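1. generate coordinates for the sequence data below:
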Amino acid sequence: MSTGRPTDQAQAATIEVEHFHFSYPDGYEALHGVNLSVAAGEKVAIVGPNGAGKSTLLLALNGIHLPAHGCVRIDGTVVDRTSVRRIRAQVGLVFQDPDDQLFSPTVFEDVAFGPLHMGVAENEIHDRVERALAAVGMTGSERRMPHRLSLGQRKRVALATVLSMDPRVLVFDEPSAGLDPRGRRELIGVIRALPQTLVISTHDMRLVGEVIQRTVIIDDGRIVADGPTSELLADDALLGAHGLERP
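-> Okay, the predicted model is just below:
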């Protein structure tokens, strides 16, 4: 399985979240003054109990959620209504369910969809599709129908649909959910090799321990711990207080 650089153009970007507050239309405040800095190329896990605000934070990173107060910056650019289109080309979201991202008759069409709608030239689209599929170990699957692939294969193709747009940040929601051991190993191998800045929300603490050097614990819409993964995963009292377990 090839896990080389997905494109020649992809570069990692910094993330800055400053005093970010977000409330849903019903008035529920999901994030309370979150502050987070992620260096270019860094891999960070976001963990915490259900309802802690993890998904809300992920969706804020590419402007799906805009703050009531505070801001998000990607490489210094504030994410707002004027910049959100450019930001979404730089910050790729990979959802837990790959079927939320795969809707075309063939793998090639799914992976080509993003570049095509970005106005990329046809000859470059083919190159981008080939590189993205090679990066996730799915070379040769271009003519296959996505719904006939295994869950692990569909997850990797869903990632390829994002890689084909040359993102500088990748945001994963529960990447290993539902995978069998082989599918999980294959996906972890891909994640290890990605050069982009990575933010991964997951309940898979074993994945966190194996792949991620820095972990952020969020609970009740607030960051309650941020540090080296090895230290946080060794603190049973901290983990237990926030609905987590040592892997």
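
2. let me see the contact set for the residue positioned nearest the centre of the chain.
-> Nearest to the mean C-alpha position of the chain, counting by C-alpha atoms, centre = their mean, stands residue 171 at 1.7 Å. For residue 171, the contacting residues are 58, 61-62, 91-94, 198-201, by C-beta atoms under 8 Å, 6 or more residues apart in numbering. Quick note: C-beta positions are derived from backbone N, CA and C, even for glycine.

3. now do 7 Å
-> 58, 61-62, 91-94, 199 (C-beta atoms under 7 Å, 6 or more residues apart in numbering).

4. which helix or which strand is home to it?
-> Per DSSP states H and E, residue 171 falls inside strand 169-173.

5. partners of that strand, with directions?
-> For strand 169-173, the paired strands and their directions (DSSP bridges) read strand 91-94 (parallel), strand 197-201 (parallel).

6. so for residue 37, which of the ones you listed sits nearest?
-> strand 197-201 (11.2 Å; C-beta to C-beta).

7. who touches the next helix or strand after the closest one?
-> Downstream of strand 197-201, the first helix or strand assigned by DSSP H and E is helix 205-211. With contact meaning C-beta under 7 Å, 6+ apart, helix 205-211 is reached by 43, 45, 47, 176, 188, 191-192, 202, 215, 229, 233, 244-245, 247.

8. lowest-confidence one in the contacts of residue 171?
-> Here the lowest pLDDT out of those sits on residue 62, with 91.

9. for that residue, give its distance to residue 109.
-> Going from residue 62 to residue 109 by C-beta to C-beta, to the nearest Å gives 23 Å.

10. got it, and residue 136?
-> 16 Å.

11. need the three-state assignment for the residue nearest to residue 66 when sequence neighbours are not counted.
-> In space, and not counting its chain neighbours, residue 66 is closest to residue 80: 6.6 Å by C-beta to C-beta, 6 or more residues apart in numbering. Under DSSP: H, G, I helix; E, B strand; the rest coil, residue 80 falls in the coil class.

12. how near is residue 80 to residue 152?
-> As judged by C-beta to C-beta, residue 80 and residue 152 stand 37 Å apart.

13. cool, residue 75 as well?
-> 32 Å.

14. who has more neighbours, these two?
-> residue 152 (21 against 16; other C-beta atoms under 10 Å).

15. just send the strands paired with strand 169-173 back as TSV, with mean neighbour count and distance to residue 29 too.
-> Putting these into TSV (neighbours: other C-beta atoms under 10 Å; distance: least, C-beta to C-beta, whole Å) gives the following:
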stretch	mean neighbour count	distance to residue 29
strand 91-94	24	23
strand 197-201	25	19
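
16. and residue 33, which of these is closest to it?
-> Nearest to residue 33, of those and by C-beta to C-beta, is strand 197-201 at 18.5 Å.

17. wait, a strand at residue 37?
-> Yes: judged by three-state DSSP, residue 37 forms part of a strand.

18. which ones are touching the closest residue to residue 158 other than its chain neighbours?
-> Once flanking residues are discounted, residue 158 sits nearest to residue 98: 3.8 Å by C-beta to C-beta, 6+ apart. Going by C-beta under 7 Å, 6+ apart, residue 98 touches 154-155, 157-158.

19. ok, and the most crowded of those residues?
-> The residue in the contacts of residue 98 with the most neighbours, by other C-beta under 10 Å, is residue 155 (30 neighbours).

20. so how far is residue 162 from it?
-> 11 Å.

21. do a quick rundown of the helices in the protein.
-> Taking DSSP state H as the test, the helices found in the chain are 54-60, 84-90, 107-117, 122-135, 151-163, 181-193, 205-211, 229-233, 236-241.

22. what is the neighbour count of residue 61?
-> Neighbours of residue 61 (other C-beta under 10 Å): 23.

23. my guess is it contacts residue 72. True?
-> Yes: assessed by C-beta atoms under 7 Å, residue 61 is found in contact with residue 72 at 6.2 Å.
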